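Enquirer: kindly return the folded structure for what I paste below:
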Amino acid sequence: MLDSTVAPKALERFLYLSALCFGVLALGLLLLQFFGKPLLVSTSLLVIVAAIVGYKLSFHNSAMAAVWLLATSSLAAAFLLLFLSDIESQGAVGFAFWFLVIASWVLAWASVSRFTEINTLSRGVNAALSILIPLIFGVWLLLLWEFVTKGHDVPKVLLPAPSDIADRFMHSIPTLWADFKQTFIKSVLTGYIMGCSAGFLVAILIDRSPFLKAGLLPVGNLVAALPIVGVAPIMVMWFGFDWQSKAAVVVVMTFFPMLVNTVAGLSAASRIQLDLMNTYAANYWQTLFKLRLPEALPFIFNALKINSTLALIGAIVAEFFGTPIVGMGFRISTEVGKMNVDLVWAEIAVAALAGSLFYGLIALLERLVTFWHPSMRAAAR
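Expert: Okay, the predicted model is just below:
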């Protein structure tokens with residue numbers, strides 16, 4: 001069931017009015033120039049019509065209003081990008097251009113606001129909206145980045161435009177792939193698996209032994225506080241310049257979050273649950289596998305998600321202190337010195353994409369494994 005009759009709220013009415021005002025201002029400035037910029041004139045007319053029609057649709061069908069606002073704001077952004085690609089001097093775009101950028105962004109904001117107001121019982125629609133809303137937000141961040149860098153003619157050494165980064169990305173795929181294999185596949189995944197596995201097993205031992213719990217946990221907290229910039233050079237000296245030293249850094253960074261979270265998770269079972277297991281005459285290992293480990297799964301997956309980002313950060317930073325002539329950290333440190341900032345941003349994009357997909361994969365696995373847990377059922381509502 002889809003609720004599509006929600007009237008616009010005060011904030012949304014303000015957004016429609018803002019977009020309309022900026023569109024009128026831009027059109028007024030362009031009229032003073034006797035229609036010298038037809039693309040901007042078309043954009044301003046589109047913004048004005050979009051704001052008026054979107055406001056009217058919001059009283060009758062919020063879903064249709066959301067789609068209309070998304071389509072018109074995207075078309076306005078496309079017109080503005082075409083205008084930037086056509087002009088000779090990108091640093092002199094004029095106030096009308098910036099008014100239209102703001103108006104188009106406001107329309108996109110209004111579309112997101114409308115999408116968030118859609119109420120439906122369909123899981124498919126809710127899943128699509130959960131992807132669409134952050135996607136719109138992310139795309140518009142890139143568009144604003146493009147407009148600012150191209151519109152103000154920002155030097156590429158300071159901040160390249162997303163289009164320049166994408167162009168460098170497409171022309172550097174073999175280099176980026178080699179760096180990805182060296183850093184992520186060899187260093188990150190190997191160190192991640194070893195560090196998380198070791199942390200989990202040691203947590204079981206600590207839970208079994210009060211002596212280890214009293215003696216090892218404080219030492220673990222101390223070692224976890226060591227700065228990576230101090231640990232990485234030592235690991236490079238111990239294990240060499242290849243990926244093994246970076247994997248060792250990842251092990252150090254991922255071991256203690258897994259240890260601490262697993263120990264805390266093993267204490268999550270309530271006294272009533274433990275007493276019930278005692279009435280069944282369950283021994284330690286039966287209680288561990290049938291009750292305490294299932295109750296600890298949210299804590300364990302929390303550590304896995306935290307470590308998915310720590311591992312990538314640790315491997316990249318470790319490559320700053322010594323590595324073969326391949327790897328994300330190596331490429332970032334050397335290309336900055338060569339002023340190839342677009343390649344640096346391409347490496348950052350690869351790292352961000354890999355880290356996000358890695359985190360998302362673990363979150364999906366958590367949802368599949370712990371679907372029965374109350375915290376997961378509450379998040380699904």
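
Enquirer: my guess is G355 contacts L312, does it?
Expert: Yes - with contacts counted by C-beta atoms under 8 Å, G355 reaches L312, the gap being 4.8 Å. Using the backbone N, CA and C atoms, a C-beta is placed for each residue, glycine as well.

Enquirer: the two: which is more packed in?
Expert: L312 (24 against 19; other C-beta atoms under 10 Å).

Enquirer: mind listing what the more buried one touches?
Expert: By C-beta atoms under 8 Å, 6 or more residues apart in numbering, the contact list for L312 reads T183, F184, V188, A351, A354, G355, F358.

Enquirer: then F137?
Expert: Going by C-beta under 8 Å, 6+ apart, the list of residues near F137 reads V112.

Enquirer: which helix or strand contains it?
Expert: helix 123-151 (DSSP states H and E).

Enquirer: where does the prediction get shaky in the stretch 101-250 of the chain?
Expert: For the stretch 101-250 of the chain, the stretches flagged by pLDDT under 70 are 121, 214-215, 224.

Enquirer: now do the strands in it.
Expert: For the stretch 101-250 of the chain, the strands defined by DSSP state E, counting those that start in this stretch cover 119-120.

Enquirer: show me where it has its helices.
Expert: With helices called from DSSP state H, counting those that start in this stretch, the stretch 101-250 of the chain shows them at 123-151, 162-171, 173-180, 189-208, 210-224, 228-239, 243-266.

Enquirer: of those, which is nearest A296?
Expert: A296 lies closest, by C-beta to C-beta, to one member of the helices of the stretch 101-250 of the chain: helix 243-266, at 2.8 Å.

Enquirer: and A51, how many neighbours?
Expert: Neighbour count for A51, taken as other C-beta under 10 Å: 26.

Enquirer: what residues are up against it?
Expert: Counting by C-beta under 8 Å, 6+ apart, A51 touches Y16, L17, A19, L20, G23, A103, L107.

Enquirer: pick the most buried one from the helices of the stretch 101-250 of the chain.
Expert: helix 243-266 (a mean of 24; mean count of other C-beta atoms under 10 Å).

Enquirer: for the following helix or strand past it, packing partners?
Expert: Using DSSP H and E, the helix or strand that follows helix 243-266 in sequence is helix 271-279. Helix 271-279 sits against helix 284-287, with contacts defined as 3 or more C-beta pairs under 8 Å, 6 or more residues apart in numbering; DSSP states H and E.

Enquirer: between the following helix or strand past the helix it packs on and helix 271-279, how many degrees?
Expert: Moving toward the C-terminus from helix 284-287, the next helix or strand (DSSP H and E) is helix 293-318. Here the directions of helix 293-318 and helix 271-279 differ by 120 degrees (axes from the mean of the first three to the mean of the last three C-alpha atoms, to 10 degrees).
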